[in-house]
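*Asks:* below is the sequence, then the predicted model.
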Amino acid sequence: MTSKKYRLILFVFLAVAVFAVSGCTQALAEEIIHLPLVGNGETPTLTPSSTATTAPPSTVPATATPTHTPLAVDTPTATPTATGVAAWPTIALTTVANGLASPVDMADPNDGSGRLFVVEQAGRVRILRNGQPDATPLLDITDRVRCCGERGLLGIALPPGFSQKGYFYLNYTTDTAGRLQTRVSRFRLGADTDIADPNSEQIVLAYDQPYNNHNGGGLAFGPDGYLYIGVGDGGSGGDPQNRAQNLGDILGKMLRIDVETDSPTAYTVPPSNPFVGQPNVLSEIWAYGLRNPWRYSFDQQTGDLFIADVGQNAWEEIDFQAAASTGGENYGWRITEGNHCYNPNPCDKTGLVLPVAEYDHTLGQSVTGGFVYRGTAWPALQGIYLYADYVSGRIWGLRPAGSGWENRLLLDSSHNISSFGQDAAGEVYAIDHAGAILRVVVE
């Protein structure tokens with residue numbers, strides 16, 4: 001064989017090798033996912049379920065252990081495209097505090113004290129100060145909280161003007177006459193603002209839970225000053241009574257009520273709620289079709305609402321409601337799980353508001369909603385919604401891109417992230433159920 005033929009063969013071999021390597025590099029680098037924009041406040045046609053009942057994710061599994069599978073494309077239903085938007089940041093978690101007992105929520109009183117309030121699932125609210133929990137809790141109601149698994153003291157919300165009002169709201173499960181019940185209650189600070197009075201409880205709203213799981217637990221004040229309450233479908237599996245689609249049932253919903261009234265214990269229904277005046281429909285309902293909206297939050301800047309709804313057997317989802325929405329969205333459960341038909345299958349998705357992001361159970365098994373970053377310490381995070389998976393420890397970022405969304409895995413951690421927190425400055429914290437508060441930073 002001539003030397004020219006040897007050189008030709010060598011050239012072809014090298015060209016094939018370079019092509020193969022460059023193709024692998026492109027495939028590994030392409031992790032940004034683009035999703036169609038849905039849920040811009042459309043109000044679907046609403047039909048109450050015929051199986052009305054009276055009376056939230058698998059959110060915090062009692063024995064879950066972080067598991068890690070090989071990284072994969074974040075959302076299998078999207079088609080990657082180039083957008084020219086800012087590069088995604090590389091994030092990390094730095095420890096702010098340790099030594100907490102099963103923390104599940106956090107609030108910043110924004111009163112100049114430098115305190116953070118951390119919720120412990122068994123029934124305590126702890127004060128975190130300079131990275132250390134105070135020895136004396138802000139509040140201890142372990143005597144009335146039924147814990148644990150997906151039950152317990154699950155959420156906290158501070159009203160606008162908290163420092164002047166001196167009271168806050170908690171969401172917890174309890175036993176009442178042998179029944180499991182969810183309570184949303186108001187508690188007041190004492191003369192010492194580091195201690196709240198457990199005897200000051202004013203029950204605002206209470207409803208029975210038919211099963212021990214899917215108890216919801218979130219509380220958040222919206223930009224409108226109303227209190228939003230995330231209510232799970234009541235538990236068991238697959239929503240056997242189809243409660244989430246039943247507008248006569250409180251379960252499987254997002255509620256919106258006015259708790260800042262002159263009445264010391266009750267609430268009123270905002271007249272702008274979407275179902276006010278409709279027969280056989282609960283006027284407290286703001287949106288429905290939710291399985292277990294364990295954590296949700298409002299964007300501090302835009303007022304948009306992000307809802308992380310924990311899935312059943314296959315799909316976890318992030319739902320979106322634009323600030324301009326007038327409510328009434330049907331987010332699909334149990335008709336759909338994520339973007340996919342669940343019961344019935346096949347199904348009719350007409351009128352449903354489908355998620356803006358989803359992931360399957362190769363990536364995690366219990367979604368934990370977070371916050372849109374609006375702090376100043378990390379400009380590269382600005383406008384990114386952060387969310388995680390409790391079981392796998394993965395943290396994703398989600399942000400608008402043109403007429404849709406893009407989603408990216410930002411960190412594969414070893415933490416059981418039960419919740420996120422946001423301080424008054426817009427900085428975001430991850431809450432490790434094992435007992436730590438972790439700040440999200442950019443490397």
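*Replies:* Perfect, I can see it now.

*Asks:* the stretch 101-250 of the chain: strands as residue ranges?
*Replies:* Secondary structure of the stretch 101-250 of the chain by DSSP state E, counting those that start in this stretch: the strands cover 103-107, 115-120, 124-129, 132-133, 139-140, 153-157, 167-176, 179-189, 196-208, 219-221, 227-231.

*Asks:* redo the ones you listed as CSV? Include mean neighbour count, mean pLDDT and distance to A266.
*Replies:* In short, each C-beta sits where N, CA and C put it, glycine included. Converted to CSV, those look like this (neighbours: other Cβ atoms under 10 Å; pLDDT from 0 to 100; distance: least, Cβ to Cβ, whole Å):
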stretch, mean neighbour count, mean pLDDT, distance to A266
strand 103-107, 25, 98, 23
strand 115-120, 24, 98, 24
strand 124-129, 21, 98, 23
strand 132-133, 17, 96, 34
strand 139-140, 22, 98, 22
strand 153-157, 26, 98, 17
strand 167-176, 21, 97, 13
strand 179-189, 19, 97, 11
strand 196-208, 16, 97, 7
strand 219-221, 20, 98, 17
strand 227-231, 27, 98, 13
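
*Asks:* nearest to G421, out of these?
*Replies:* Nearest of those to G421, taken as Cβ to Cβ: strand 103-107 at 3.1 Å.

*Asks:* verify the stated contact: A101 with E120.
*Replies:* Yes: between A101 and E120 there is a contact at 4.9 Å, judged by Cβ atoms under 8 Å.

*Asks:* hey, what's in contact with both of these two?
*Replies:* Common contacts of A101 and E120 (Cβ atoms under 8 Å, 6 or more residues apart in numbering): none found.

*Asks:* check contacts around P198.
*Replies:* L139, D140, I141, D143, F187.

*Asks:* for G393, see how far away the third one is.
*Replies:* Okay, so that is I141. Computed as Cβ to Cβ, to the nearest Å, the I141 to G393 distance reads 30 Å.

*Asks:* likewise for R439?
*Replies:* 16 Å.

*Asks:* between those two, tell me which one has more neighbours.
*Replies:* Using other Cβ atoms under 10 Å, the more surrounded residue of R439 and G393 is G393, with 21 against 17.

*Asks:* which residue, other than its chain neighbours, is closest to that one?
*Replies:* Spatial nearest neighbour of G393, chain neighbours left out: S413 (4.1 Å); criterion: Cβ to Cβ, 6 or more residues apart in numbering.

*Asks:* what about the one you found, how many neighbours?
*Replies:* 21.

*Asks:* so it makes contact with W396?
*Replies:* No: the criterion here is Cβ under 8 Å, and S413 misses it with W396 at 11.4 Å.

*Asks:* mutual contacts of these two, please.
*Replies:* By Cβ under 8 Å, 6+ apart, the residues touching both S413 and W396 are A388.

*Asks:* would you mark the buried spots in stretch 423-431?
*Replies:* Within stretch 423-431, the residues scored as buried using 16 or more other Cβ atoms under 10 Å are D423, G426, E427, V428, Y429, A430, I431.

*Asks:* got JSON lines for these, with distance to D304, pLDDT and secondary structure too?
*Replies:* Putting the buried residues of stretch 423-431 into JSON lines (distance: Cβ to Cβ, whole Å; pLDDT from 0 to 100; DSSP: H, G, I helix; E, B strand; the rest coil) gives the following:
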{"residue": "D423", "distance to D304": "20", "pLDDT": "97", "secondary structure": "coil"}
{"residue": "G426", "distance to D304": "15", "pLDDT": "97", "secondary structure": "coil"}
{"residue": "E427", "distance to D304": "19", "pLDDT": "98", "secondary structure": "coil"}
{"residue": "V428", "distance to D304": "16", "pLDDT": "98", "secondary structure": "strand"}
{"residue": "Y429", "distance to D304": "20", "pLDDT": "98", "secondary structure": "strand"}
{"residue": "A430", "distance to D304": "21", "pLDDT": "98", "secondary structure": "strand"}
{"residue": "I431", "distance to D304": "22", "pLDDT": "98", "secondary structure": "strand"}
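
*Asks:* from those residues, which is closest to P210?
*Replies:* Using Cβ to Cβ, the buried residues of stretch 423-431 come closest to P210 at I431, 28.1 Å.

*Asks:* right, I'll call it a day here.
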